[in-house]
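J.: What would the 3D arrangement of this be:
(one chain, ligands or ions: 1)
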Amino acid sequence: MSRTPTIIRDPQEIRSLCDDERARGTSVCLVPTMGALHEGHLDLVREAGNHGDLVVVSIFVNPTQFGPGEDFDLYPRNLADDLDKLAPAGAALVFAPSVETMYPPNAGTTISVNGITEGLCGAHRPGHFDGVATIVAKLFNIIGPCAAIFGRKDYQQLQVIRKMTHDLNMPVKIVGMATVREPDGLAMSSRNEYLSNEERSRATAIPSGLAAAHVLFDRGEKSVKALLAPVVSSIEGACDSIDYISAVDPASLAPLDDEALAGETMLIALAARIGGTRLIDNTVLGEDRSPLANPGG
Ligand code: PAF
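T.: Numbering: from 1, shown residues only. You can find the predicted model right below:
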C-alpha cells in the first residue's frame with residue numbers, strides 16, 4: 001500500500017534527513033515542481049524511482065521565475081491534492097518550503113546561464129531562467145540528489161539546467177522525460193486549468209500544427225520555412241497572440257533561419273497565448289512523433 005509522503009518545510013531538516021539516508025547507502029532522486037500536479041509530473045515521479053532509492057518531490061511556486069504582471073499570484077496551489085497524487089507515484093518526501101525560507105531578505109545571489117537563455121522563452125520572459133537556475137541550484141544544494149528529473153515540455157529549461165550542472169560541476173544526473181499529452185494532443189500543463197472550454201478546444205491547434213510538421217519532415221521536407229508553415233498557420237488561426245514559433249538546433253538551441261535546411265533532427269518550439277493563458281510546446285522533428293495528435297485529429 002502506498003504511504004502519503006512526509007512533508008518537510010525546513011531546508012536544514014530535509015538536508016539532515018537526506019544526509020542520513022545517504023550515509024546508509026540510499027541514493028536520492030529529486031523531482032522539482034511548482035505543484036498543481038498532473039499526470040506529466042507523476043510520470044517524472046515514477047521515473048525518479050529508476051534513478052534513486054529515495055524519491056523527493058519539491059513543491060515550491062518560485063517567485064523569482066515570474067516577471068511583473070505574470071501569474072505568480074494566480075498559479076494554482078493545492079498541497080492536499082498534490083500529496084494524494086504523489087503517494088501512489090512513489091514519492092517518500094515532499095519538500096515544500098515557504099518563500100521566506102528560500103529567499104530571506106538578505107539573499108543576494110543569482111545564477112545566470114548565458115547564451116542558451118537568450119532566445120525562445122528567454123527573449124520574452126527577462127530574468128525567468130535566472131530564477132529557474134537559482135532555485136534549482138538551491139534545491140540541489142539542499143537535497144543533494146544524485147539525479148533530478150525534468151519534463152521536455154519545458155525544453156529550454158531542461159537545456160539550461162543541463163548547462164548549469166555541467167558548467168558548475170554539479171554531481172547531478174539530469175534526466176529529461178517526454179511530454180505527457182492529453183488524448184487530443186495538448187501538452188499537460190498546470191496552466192491548462194486557466195482555459196475556458198472554448199479556449200481549451202482552440203488549444204488543440206498547437207499539437208496539430210506540430211504533428212503536421214512531423215508529417216512533412218517524414219516525407220522528406222527539409223526546408224525550415226516549409227516545416228514551420230503548418231505550425232504557424234495552425235497557431236495563427238487559433239491563438240490570440242504568438243510570442244514565438246522557432247526552429248532551433250535541439251542541443252544548442254541556436255536558431256535556424258527560414259532559408260536553412262533541417263538536419264537529422266530539428267526542434268520546433270513555440271509560445272502562444274489563448275485568452276490570458278500563455279502556453280508553450282515543442283517537438284523534435286526526426287524523433288518519434290507518436291505522442292502528438294494526428295493533424296486535424
Ligand atoms: O518546471 C517547473 O515546474 C519549475 O520551473 C521548476 C523546475 C520546479 C523550478 O521552479
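
J.: For the residue sitting nearest the centre point of the chain, give its distance to T179.
T.: Note on the chain: the residue nearest the mean C-alpha position is D154, at 3.2 Å, using Cα atoms, centre = their mean. The gap separating D154 from T179 is 9 Å, by Cβ to Cβ, to the nearest Å. Yep, even glycine has a C-beta here, placed from its N, CA and C like the rest.

J.: Over to G263?
T.: On the measure of Cβ to Cβ, G263 and T179 end up 22 Å apart.

J.: which one of the two has more residues nearby?
T.: T179 (21 against 12; other Cβ atoms under 10 Å).

J.: Quick check: the gap between the closest residue to the more buried one other than its chain neighbours and K85.
T.: Using Cβ to Cβ, 6 or more residues apart in numbering and skipping residues adjacent in sequence, the residue nearest T179 is K153, 4.3 Å away. Separation of K153 from K85 (Cβ to Cβ): 18 Å.

J.: between the two, which one's more packed in?
T.: Comparing K153 with K85 by other Cβ under 10 Å, the one with more neighbours is K153, at 20 against 17.

J.: ok, now which ones touch the residue in the stretch 51-200 of the chain positioned nearest to the ligand?
T.: When scored by Cβ to the nearest ligand atom, the stretch 51-200 of the chain has N62 as its residue closest to the ligand, at 3.9 Å. Going by Cβ atoms under 8 Å, 6 or more residues apart in numbering, N62 touches M34, M102, G131, V132, I135.

J.: Just the buried ones out of the residues you listed, please.
T.: Buried members of these, counted by 16 or more other Cβ atoms under 10 Å: M34, M102, G131, V132, I135.

J.: Can you lay out these as JSON lines showing distance to G52, secondary structure and pLDDT?
T.: Shown next, in JSON lines, are the buried ones among the contacts of N62 (distance: Cβ to Cβ, whole Å; DSSP: H, G, I helix; E, B strand; the rest coil; pLDDT from 0 to 100):
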{"residue": "M34", "distance to G52": "21", "secondary structure": "coil", "pLDDT": "98"}
{"residue": "M102", "distance to G52": "22", "secondary structure": "helix", "pLDDT": "98"}
{"residue": "G131", "distance to G52": "26", "secondary structure": "helix", "pLDDT": "98"}
{"residue": "V132", "distance to G52": "22", "secondary structure": "helix", "pLDDT": "98"}
{"residue": "I135", "distance to G52": "20", "secondary structure": "helix", "pLDDT": "98"}
